[in-house]
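Visitor: no sequence for this one, just the structure:
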């Protein structure tokens, strides 16, 4: 178990704050060494991330990656507009300026926020999908400059193809490869003009991101019901990109909502610090969410989003901060009984490490469950076609269809998941925590935990290559092993680890892509003691093959 810092859940002290001038200076002054793996462009599940102070997110990275995106667009025949959004991290503004210098020089039609503001990840996805609807050529794509909930020192850069969701590994692999070639060649071959000239280019357009998204919200969430029920809502954007979207939503739909914090500060000094004493805008962490949890008595439901608003954290009066798995199960149970216009065969998407309470909810609803590897990219096609009604992952990211069964976003949308909690309260008269208790009274109450187990690179490699016959596990915590997976049952894709299931629990293990640990997920449908036995048996079995 990780050691909890004594400062966890308490307001950030001045010592914990990022030095913003130093961060920005490092962005321009430090030059990455392309022979050093930690300083190369590396697209993970959510794009390239790093800190300028560690030469992981600097001007050269953005120039090289942007030119690589321009090259990729030409290869794919993409010549429609590129929607670009940023969050409120300090490195987002300079990265936007660098990107515009390259996009403008390449003649890409770029859509930037008309008010110089911030644009959540789901809003960029919504804009791409809305523009491309009914089109077969001159398709739009997009970029979001965000490291999600990462600390204030970090920056992030991710690409969305015309489907509006996270790019697949074919796209990111090509962009990453070409970007690193530009780095190795000291940026030779990159087209670039000055920022001042770029802003005057006819290809750089001011775009209203707020109005179309806000106007369409009523087609995905029943805001009229929320208004008529008078549900008291608390909203904390955690200083992120959704901050200037909430007031237009409240004004347009007349809902009874209070924005408890509308501050934007690149140090995020208003946060309570996370488990390790760092500032992190993680809306699924009880430590980062301590302020909103403390206000729960004021509201029927309250919620927060991470910095790019693709994740949600739901706080109820009866239960406090909901575990993400618990809310996903509750949202699924509600939506599939309150969306009569969804396809009768619309499925439920979940990751292999999400709670099996979702499996039980799916069986109760008589809906197909599609279990995929970790990463929202696996849900893009299903959400886009309407064949998935809902898709979510254990890290508090999800999206679902419009009320008429058509696509809303193909990326995670924390805004609609927050508003859905209010709709549930309005329609059912009970908050999501109460409905989750009803579910578990019928289907069983799981105990779930993820722990990080220290692992050497050879141990991580051994886990990634592990097969069921090598593991040779026939019993787990006293129960017969029913199934062993190395590929996701829903699509047959490898998830880079192993999952072992019994009738009463399971564990899954996979190596971390960024740290010297193996991630061990486990769940019991008996009790905490049984969960501990699952974890112990799992670690013992993995140690034998590591």
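Guide: Here it is on my side, so go on. The model shown is predicted, which means the values in this text are computed figures rather than measured ones.
Visitor: name the element residue 155 belongs to?
Guide: strand 154-160 (DSSP states H and E).
Visitor: tell me the mean pLDDT over stretch 179-199?
Guide: Here stretch 179-199 scores 98 as its mean pLDDT.
Visitor: quick one: terminal-to-terminal distance for it?
Guide: The first and last residues of stretch 179-199 sit 24 Å apart, counting by CA to CA, to the nearest Å.
Visitor: Can you give the contact residues for that stretch?
Guide: Outside of stretch 179-199, the residues that reach it under the criterion CB atoms under 8 Å, 6 or more residues apart in numbering are 32, 34, 40-41, 60-61, 63-65, 67-68, 70, 97, 100-106, 201, 204. Glycine gets a C-beta too; all of them are placed from N, C-alpha and C.
Visitor: And it, what's buried?
Guide: Taking 16 or more other CB atoms under 10 Å as the neighbour-count basis, stretch 179-199 is seen to contain the buried residues 179, 180, 181, 182, 183, 190, 192, 193, 198.
Visitor: Please report how far the first one lies from residue 187.
Guide: Note on residue 179: its distance to residue 187, by CB to CB, to the nearest Å, is 10 Å.
Visitor: Likewise for the last one?
Guide: Taking CB to CB as the measure, residue 198 falls 17 Å from residue 187.
Visitor: returning to that earlier point: from the rest of the structure, what touches the strand holding residue 155?
Guide: Contacts of strand 154-160 with the rest of the structure, by CB under 8 Å, 6+ apart, involve 27, 43, 46-52, 57, 61-62, 65, 69, 89, 91-92, 95, 99, 124-125, 128, 141-148, 150, 166-167, 171-172, 175, 411.
Visitor: mind listing what it pairs with, with the direction of each?
Guide: Each strand that strand 154-160 pairs with, and the sense of that pairing, follows from DSSP bridges: strand 47-51 (antiparallel), strand 141-145 (antiparallel).
Visitor: With respect to residue 541, which of these lies nearest?
Guide: Evaluated over the strands paired with strand 154-160, closeness to residue 541 peaks at strand 47-51, with 32.6 Å, by CB to CB.
Visitor: what's residue 129 in contact with, if anything?
Guide: Listed by CB under 8 Å, 6+ apart, the contact set of residue 129 reads 163, 164, 384, 407, 409, 410.
Visitor: rerun at 10 Å
Guide: Contacts for residue 129 (CB atoms under 10 Å, 6 or more residues apart in numbering) come out as 140, 160, 162-165, 383-384, 406-411.
Visitor: got it, and residue 403?
Guide: Listed by CB under 10 Å, 6+ apart, the contact set of residue 403 reads 218, 219, 220, 221, 222, 335, 338, 339, 340, 341, 342.
Visitor: gap between it and residue 540?
Guide: Between residue 403 and residue 540 the distance, using CB to CB, works out to 49 Å.
Visitor: Tell me how far the residue lying closest to residue 76 once chain neighbours are set aside lies from residue 120.
Guide: Computed as CB to CB, 6 or more residues apart in numbering, the closest residue to residue 76 that is not its neighbour in sequence is residue 161, at 7.9 Å. For residue 161, the distance to residue 120 equals 18 Å [CB to CB].
Visitor: higher neighbour count, those two?
Guide: Summary of the neighbour comparison: residue 161 and residue 120, criterion other CB atoms under 10 Å, with residue 120 having more neighbours (32 against 24).
Visitor: where does the more buried one land on pLDDT?
Guide: Confidence at residue 120, expressed as pLDDT, is 98.
Visitor: Phi first, then psi, for it.
Guide: Per-residue torsions, residue 120: phi -60, psi 150 (degrees, to the nearest 10).
Visitor: dump the residue contacts of it.
Guide: Residue 120 neighbours (CB under 10 Å, 6+ apart): 85, 87, 126, 144, 146, 209, 213, 237, 240-243, 245, 305-310, 409, 411-415.
Visitor: distance of the nearest residue to residue 230 once chain neighbours are set aside from residue 142?
Guide: With sequence-adjacent residues excluded and distances taken as CB to CB, 6+ apart, residue 230 is closest to residue 256, at 5.4 Å. Distance of residue 256 to residue 142, given as CB to CB: 33 Å.
Visitor: Looking at these two, which is more packed in?
Guide: Neighbour tally, residue 256 and residue 142, criterion other CB under 10 Å: the higher count belongs to residue 142, 26 against 15.
Visitor: Just list the residues touching that one, thanks.
Guide: With contacts taken as CB under 10 Å, 6+ apart, residue 142 has the following neighbours: 81-85, 110-111, 119, 121, 123-125, 127-128, 131, 158-162, 164, 411.
Visitor: Per-residue pLDDT of it, please?
Guide: 98.
Visitor: before we move on, back to that, pick the most deeply packed of the strands paired with strand 154-160.
Guide: By mean neighbour count, with neighbours taken as mean count of other CB atoms under 10 Å, strand 141-145 ranks first of these at a mean of 27.
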